[in-house]
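Peer 1: need a structure here:
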Amino acid sequence: MSHVPESLPLPGPESESASASGSGPASGRESFALLPGAAASPVILHVPHASRAVPAAVRAGIVLDDRALERELDHITDAHTDLIAARAAAACAVTPWRFVNRLSRLVVDPERFPDDREEMRSVGMGAVYTRTTHREPLRPEGFDDGPLLDRYFHPYAEAMTRAVEERLAATGRALVVDVHSYPARALPYELHGDGARPPVCLGTDAFHTPAGLLAAAEEAFAGFGGTGLDSPFAGTYVPLRYYGRDDRVGALMVEIRRDLYQSRPGGPAGPGADALAKALAALVDRLHP
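Peer 2: Sure, this is the predicted structure:
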């Protein structure tokens, strides 16, 4: 995977920003936020899929009616991962940085390759989705994704690259911890949905996930019934400038199975969110000198 912004305002972590109705930030640079951490922290908590916000201009290009779109957002959104990351950051001895997407991944998915390298294009879920989680039409046939990539995807990628660059300059290393969630039951869009679905899936990269980082995560999340590696989702997020080139950039994806903290798609965060935030904070604390 590829691809950090200037400091921008962000809605409070206790509630998701906007909904399918067409509200939410409209410009590329309003669509993400870098929330400052301690100057000495190399850690960036990356939260790309927590928002439900779809700007009105983008909503106009989606073929689902409002009810169907809300249902799709229930399934595709990594609900409350921004809340978990915010509570974790507040609990850390040394505050990590947070890079948070303020728009739904139905606008653009910043963690996809924007070209044919992306295997999810085969099910209409590349950097700009044309199909839903249930493989139904999301956008019309022949939809031109260029304007969305230019307005949202590329500024996000450039900003994330700068954030990593700044951590390298300040601390000599950068550690990207990707915070995601996934449903207990596989959805039709999943290409590898028949694999194990552990309470916490840790996505790794052979070059960017050192053994110490993985061991720290396994220890931090040991109390939730077990962790697994790269199933049902594999890999992690590294800006393309550094991908496979600079081992000072470490990365790990934390995929939390949603039934640990949410009773139904689109529902509120339950008490499990606090325990998960504490575990994420414990992981971050292990990553600081």
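Peer 1: stretch 147-164: which residues count as buried?
Peer 2: 148-149, 151-164 (16 or more other CB atoms under 10 Å). For glycine as for every other residue, the C-beta is placed from the backbone atoms N, C-alpha and C.
Peer 1: and stretch 88-104, by the same measure?
Peer 2: 88-89, 91-92, 94-104.
Peer 1: how far off centre is that stretch?
Peer 2: In terms of CA atoms, centre = their mean, to the nearest Å, the centre of stretch 88-104 is set 12 Å apart from its chain centre.
Peer 1: compute the first-to-last residue distance for that stretch.
Peer 2: The first and last residues of stretch 88-104 sit 22 Å apart, counting by CA to CA, to the nearest Å.
Peer 1: what do you get for stretch 189-201?
Peer 2: 18 Å.
Peer 1: what do you get for stretch 256-270?
Peer 2: Stretch 256-270 end-to-end distance (CA to CA) = 14 Å.
Peer 1: so how far is it off the chain centroid?
Peer 2: That offset, for stretch 256-270, works out to 16 Å (CA atoms, centre = their mean).
Peer 1: again, but for stretch 32-41
Peer 2: 16 Å.
Peer 1: ditto for stretch 162-178
Peer 2: Centre-to-centre, stretch 162-178 and its host chain are 17 Å apart (CA atoms, centre = their mean).
Peer 1: name the surrounding residues that touch it.
Peer 2: Here stretch 162-178 makes contact (CB atoms under 8 Å, 6 or more residues apart in numbering) with 4-5, 34, 39-46, 48, 96-97, 99, 111, 203, 213, 236-239, 241-242, 246, 248-254, 280, 283-284, 287.
Peer 1: picking up where we left off before, and the buried residues of stretch 88-104, which two are furthest apart?
Peer 2: Greatest spatial distance among the buried residues of stretch 88-104 (CB to CB): Val94 and Ser104, at 31.1 Å.
Peer 1: list the contacts of the residue most central in space within the chain.
Peer 2: Centroid check for the chain by CA atoms, centre = their mean gives Pro48 as the closest residue, at 2.9 Å. By CB under 8 Å, 6+ apart, the contact list for Pro48 reads 78, 101, 105, 109-111, 178, 180, 237.
Peer 1: also Arg197?
Peer 2: Here Arg197 is in contact with 182, 184-186, 231-232, 257 (criterion: CB under 8 Å, 6+ apart).
Peer 1: circling back: just the buried residues of stretch 88-104: which are in strands?
Peer 2: Judged by DSSP state E, strands contain the following of those: 97-101.
Peer 1: those into JSON lines, with extra columns for pLDDT and distance to Met125?
Peer 2: Shown next, in JSON lines, are these (pLDDT from 0 to 100; distance: CB to CB, whole Å):
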{"residue": "Trp97", "pLDDT": "98", "distance to Met125": "28"}
{"residue": "Arg98", "pLDDT": "98", "distance to Met125": "25"}
{"residue": "Phe99", "pLDDT": "98", "distance to Met125": "22"}
{"residue": "Val100", "pLDDT": "98", "distance to Met125": "21"}
{"residue": "Asn101", "pLDDT": "98", "distance to Met125": "16"}
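Peer 1: ok, the residues you listed vs Gly195, which is closest?
Peer 2: Asn101 (25.9 Å).
Peer 1: any idea how far the residue nearest to the closest one when sequence neighbours are not counted is from Phe99?
Peer 2: Excluding the flanking residues, the one nearest Asn101 by CB to CB, 6 or more residues apart in numbering is Pro48, at 4.6 Å. From Pro48 across to Phe99, the span is 8 Å (CB to CB, to the nearest Å).
Peer 1: about what we covered before: now, the most widely separated pair of the buried residues of stretch 147-164?
Peer 2: Leu148 and Val164 (23.5 Å).
Peer 1: and the helices in the stretch 51-200 of the chain?
Peer 2: All helices of the stretch 51-200 of the chain, identified by DSSP state H, counting those that start in this stretch, fall at 56-59, 66-76, 81-91, 146-148, 154-171.
Peer 1: quick one: which of these is nearest Pro265?
Peer 2: Per CB to CB, nearest to Pro265 of these: helix 66-76, 3.9 Å.
Peer 1: got the CA coordinates for that closest one in CSV?
Peer 2: What follows is helix 66-76 as a C-alpha-only set of coordinates in CSV (Å, rounded to 0.1, in the frame of the first residue of the first chain):
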residue,chain,number,x,y,z
ASP,A,66,-30.3,7.4,1.0
ARG,A,67,-31.4,4.4,2.9
ALA,A,68,-29.2,2.0,0.9
LEU,A,69,-26.3,4.3,1.3
GLU,A,70,-26.7,4.5,5.0
ARG,A,71,-26.8,0.7,5.1
GLU,A,72,-23.6,0.5,3.0
LEU,A,73,-21.9,2.9,5.3
ASP,A,74,-22.9,0.7,8.3
HIS,A,75,-21.0,-2.2,6.6
ILE,A,76,-18.0,-0.4,5.1
